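A.B. asks: how does the following fold in three dimensions:
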Amino acid sequence: MTVLAALIALVGSLFFALGAALQQYEASGTAKPGLPALLRRPRWLAGGASILAGGGLHIVALGLGPLTVVQPMGVASLLFALPIAATLHGRRPSRRELTAAGVVAAGLIGLVLLVPESDGPTHLGPSGVATLLAVSGVASSLLWAGSKIASAAGRAALLATGSGVLYGATATLMRVLVDGAWNWWYLLALPVPALLALMMLQRAYAVGHFGVSFASLQIADPLTAVAFGALLLGEPLPSGIVPMAAAALAAAGTVALARTTPLEARH
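C.D. replies: Here you go, the predicted model:
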C-alpha cells in the first residue's frame, strides 16, 4: 500500500503542477488578472479543476500510506510545473532552472519531513481565529505593499509569499473545522483568506516569473501553517540546525530561480 500511496501522490503532484501552469499561463501578461475575468477563461477553469483533482489524490494517498512517504511526493509538483509552464510558453527549461528547482524541492522535502506531527485534537477559540485572520491579513498586506517597489522577480516572490501566508491560515482553520472544535461562524470566515490567497496568487502569476512564484508559494504555505500551529494550537516546532538548513536551502533555490527563470508573459 505504501508504493501505491506514493504513486497516487506523485500523480496528484502532476495534476497540481498542470493546474498551476495553466492558471499562470492565463494570468500572465494581463494588466488586471482579476477573478471575474479569469473565471470566463476555460483554460483557467481547467487549471482549477486539475488543482482540485491533485488535492483529492493527495488526500487519498494520505489515507493509504505514511506521511513521510506521501508528503515528499507532493513536493515533486515544482519539478513537474516548470517544464509544463515552459512548454505552454513555447520554450524549454534550462538546466540551471531545473537545478534550482531541484534545490528548492530538496529543501522542502527536508522541511516537511522534520515538522513534528500533532498528537491530539486541535482547538481554537474565537479570539484565536481573530488573531489568525489579523496576523495573516497584516502579513500579506505588508508583502503586497512591498511588491509595489520590487523588481519583477521580487514582485512575483512577495505576492506568492503573501498568498502562501493566507493559504497557511486557511489550512490551519480547516484543521480546526475537521477536528470539530468550532463555532458556526468559522465556516463564514474560512473563504476570506482562501479567496484573498487566490487573488494574490493570480497577481503573482501575472508578473510572469512562474518558477519564482510557485516556489515561493510552496515554501510559505507549510511554514505559515507550522508557525500558526505553534502560535495558536500549542504544537511543537522543529528543533535543531537541520530544519534551518532545509529552509535556507529552499530559499537559496528560490533566489537561484529568480536569476535563471526568464520572464514569461502572454502577448
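A.B. asks: going by C-alpha atoms from here, please, whenever you check contacts or count neighbours.
C.D. replies: Noted.
A.B. asks: correct me, but L18 touches G48?
C.D. replies: No. Checked against Cα atoms under 8 Å, the pair L18 and G48 is beyond contact range at 9.5 Å.
A.B. asks: of the two, who's got more company?
C.D. replies: In this view L18 and G48 are compared by other Cα atoms under 10 Å, and L18 has more residues nearby, 25 against 20.
A.B. asks: from the contact counts, what lies against the host helix or strand of that one?
C.D. replies: Secondary-structure element containing L18, defined by DSSP states H and E: helix 2-27. Identification of packing neighbours for helix 2-27 by 3 or more Cα pairs under 8 Å, 6 or more residues apart in numbering; DSSP states H and E yields helix 42-64, helix 67-75, helix 77-88, helix 191-207.
A.B. asks: go through the helix or strand following the third one and flag the buried ones.
C.D. replies: Toward the C-terminal end, the helix or strand that comes next after helix 77-88 (DSSP H and E) is helix 95-114. Along helix 95-114, these residues count as buried under the neighbour rule (16 or more other Cα atoms under 10 Å): 97-114.
A.B. asks: quick revisit: so what's in contact with L18 and G48 at the same time?
C.D. replies: Residues touching both L18 and G48 do not exist when contact is defined as Cα atoms under 8 Å, 6 or more residues apart in numbering.
A.B. asks: ok, how many other residues are close to the closest residue to L159 other than its chain neighbours?
C.D. replies: Counting by Cα to Cα, 6 or more residues apart in numbering, A204 is the residue found nearest to L159 once chain neighbours are left out, at 5.2 Å. For A204, the number of neighbouring residues by other Cα under 10 Å comes to 34.
A.B. asks: show me what contacts A204?
C.D. replies: When contacts are taken as Cα under 8 Å, 6+ apart, A204 is in contact with 155-160, 213.
A.B. asks: what does the model give it for pLDDT?
C.D. replies: At A204 the predicted local distance difference test score is 91.
A.B. asks: repeat that for T161.
C.D. replies: 94.
A.B. asks: need the contact partners of stretch 141-150.
C.D. replies: Among residues not part of stretch 141-150, those counted as contacts by Cα under 8 Å, 6+ apart are 154-156, 158-159, 161-162.
A.B. asks: kindly reformat those residues as CSV containing neighbour count.
C.D. replies: Listed next are the contacts of stretch 141-150 as CSV, based on neighbours: other Cα atoms under 10 Å:
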residue, neighbour count
G154, 21
R155, 26
A156, 31
L158, 28
L159, 32
T161, 31
G162, 31
